[in-house]
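**Q** Test case, fold it:
(one chain, ligands or ions: 1)
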Amino acid sequence: MKRIKARKTGVVFTVVFLAAAFLLYGGIANAQKIEVKFSHVVADMTPKGQACMKFKELLDKTGVFDVKLYPSSMLYGDKEELEALRANNVQVIAPSMTKMVGFNPQFQIVDMPFLFASEDAAETFWASDKGKEMFNSLRRAGFIGIAQWPNGFTQFINQKRPLKKPEDFKGLKLRVQSGGLLDARNKTLGAGSQTMAFAEVYQALNSKAIDGLDNTFNNHETMKFYEVAKYLTIGNFTRIDYIVMTNVKFWDSLKPDQQNLFTDAMKQATAYERSLSEDLNDKSLEIMKKSGKVEVYTLTPAERQEFVKALAPLYKSYEDKIGKANLDYAKSLK
Ligand code: LMR
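**A** All right, here's what the predicted structure looks like:
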């Protein structure tokens, strides 16, 4: 009897010892990993959300890094995430480029209506010396731009009326991601603008504090904007491209082989994001159409041309801020 008891105690001791050793080892192993916090403002089922998950999967697999994802503004909203990156409270963010306007106004190039002819044109631009120069300009502010992730062209959604011609915009109050060119665009069409963080848009639409906004199909769908704004106008007005960034302090703390692992995972996640972006946007459009909650209208080429004409003066008035050479080059790309 005594022997059985002693054996039981021995087994219990061994199990407890092994469990403690396992936990301790796991703790040490994890403590030795380099933590990478990645914060962003969109849902998981978006090109950005999915690419973040891919990046985590790839980088975690190296055994060197421990990536923690914070989607849907759960950690930081638009403005805060930029400050948090600067302070190294997060190590990666991927804001839409227009949100970098305060650091370099040239990033508003994505907001120039009807400038980029296609997804390829945008990708080529950001891979060019001109795009790279803009990325490099952010080092002054402590940021390092590491990739461009597209989310495509923007379409307007609003609660008041179908938008078929420039005059239809008169009097609308539209949310914009940042001031500057987007504000000027709306003014040119006779609409007002309100700069607002992405996380606040649904509530603002729902309470009718704003009448509408432009965004990608994917953001309209995953944020349920289409459930509270009835009219969707397809016109491919401007773009949402993301700049994936880290900060200088974090980057410089990595050894060259760690930087290589990081860069490699980012390259693969970028290819993945690009392969998803158009598909997910198409799917989102289908979901919105099928819901019956939104009336979808596609501008005819002639109607679109009216918008091109109405907004053409913006090229001249933003030439100095964005750079004529940048605008001309972007325009030349097919
Ligand atoms: C927005 O604020 O509308 C977008 O930039 C959100 C996003 O990250 O796609």
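
**Q** Hmm, Val201 and Arg175 touching each other?
**A** Yes - with contacts counted by Cβ atoms under 8 Å, Arg175 reaches Val201, the gap being 5.6 Å. In this view, the C-beta of every residue, glycine as well, is placed from N, C-alpha and C.

**Q** list the residues that contact both of the two?
**A** Shared contacts of Arg175 and Val201, defined by Cβ atoms under 8 Å, 6 or more residues apart in numbering, are found at 210, 213.

**Q** Dump the longest strand anywhere in the chain to PDB, restricted to CA.
**A** Using DSSP state E to define each element, the chain has its longest strand at strand 143-153. The C-alpha coordinates for strand 143-153 follow below in PDB (Å, rounded to 0.1, in the frame of the first residue of the first chain):
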ATOM      1  CA  PHE A 143       9.700  55.500 -40.500                       C
ATOM      2  CA  ILE A 144      10.900  52.900 -43.000                       C
ATOM      3  CA  GLY A 145       8.500  52.100 -45.900                       C
ATOM      4  CA  ILE A 146       8.900  48.400 -46.700                       C
ATOM      5  CA  ALA A 147       6.100  47.600 -49.200                       C
ATOM      6  CA  GLN A 148       3.200  48.900 -51.200                       C
ATOM      7  CA  TRP A 149       0.000  46.800 -50.800                       C
ATOM      8  CA  PRO A 150      -2.900  47.800 -53.100                       C
ATOM      9  CA  ASN A 151      -6.500  47.800 -52.200                       C
ATOM     10  CA  GLY A 152      -7.700  49.200 -55.500                       C
ATOM     11  CA  PHE A 153      -9.900  52.000 -56.700                       C
END
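
**Q** near the ligand, which residues of the protein?
**A** Neighbours of the ligand within the chain, by Cβ under 6 Å from any ligand atom: 41-42, 96, 151, 177, 198, 215, 219, 240.

**Q** For Gly63, state which of those is nearest.
**A** Val42 (28.6 Å; Cβ to Cβ).

**Q** got the phi/psi numbers for that closest one?
**A** Phi and psi for Val42, reported as degrees, to the nearest 10, are phi -100, psi 180.

**Q** list the contacts for it?
**A** By Cβ under 8 Å, 6+ apart, the contact list for Val42 reads 48-49, 71-72, 198, 219, 222-223.

**Q** can I get those residues in CSV with secondary structure?
**A** What follows is the contacts of Val42, written out as CSV (DSSP: H, G, I helix; E, B strand; the rest coil):
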residue, secondary structure
Lys48, helix
Gly49, helix
Pro71, coil
Ser72, coil
Phe198, helix
Asn219, helix
Thr222, helix
Met223, coil
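
**Q** Can I get those in CSV including neighbour count?
**A** Formatted as CSV, these follow (neighbours: other Cβ atoms under 10 Å):
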residue, neighbour count
Lys48, 28
Gly49, 22
Pro71, 19
Ser72, 17
Phe198, 22
Asn219, 27
Thr222, 19
Met223, 21
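
**Q** Now flag whichever of those is closest to the ligand.
**A** Closest approach between the contacts of Val42 and the ligand, by Cβ to the nearest ligand atom: Phe198, at 3.5 Å.

**Q** how near is that closest one to Leu261?
**A** 31 Å (Cβ to Cβ, to the nearest Å).

**Q** Which residues does Ile144 form beta bridges with?
**A** With DSSP bridges as the criterion, Ile144 is bridged to Thr246.

**Q** In contact with it, which residues?
**A** Contact analysis of Ile144 by Cβ under 8 Å, 6+ apart lists 138, 245-248, 251.

**Q** domains of the protein?
**A** As assigned by automatic domain parsing, the chain contains the domains 33-151+241-281, 155-238+286-332.

**Q** Format those as TSV; extra columns: mean pLDDT.
**A** TSV is the format used below for the domains of the chain (pLDDT from 0 to 100):
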stretch	mean pLDDT
domain 33-151+241-281	98
domain 155-238+286-332	98
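
**Q** in the longest strand of the chain, what's buried?
**A** For strand 143-153, the neighbour count (16 or more other Cβ atoms under 10 Å) marks 143-153 as buried.

**Q** Report the secondary structure element holding Asp282.
**A** helix 256-291 (DSSP states H and E).

**Q** and that helix with strand 143-153, angle?
**A** Interaxial angle, helix 256-291 versus strand 143-153 (axes from the mean of the first three to the mean of the last three Cα atoms, to 10 degrees): 20 degrees.

**Q** Would you map the helices across the protein?
**A** 2-32, 47-61, 78-86, 119-127, 129-137, 181-188, 201-206, 217-222, 248-253, 256-291, 301-311, 313-317, 319-322, 324-332 (DSSP state H).
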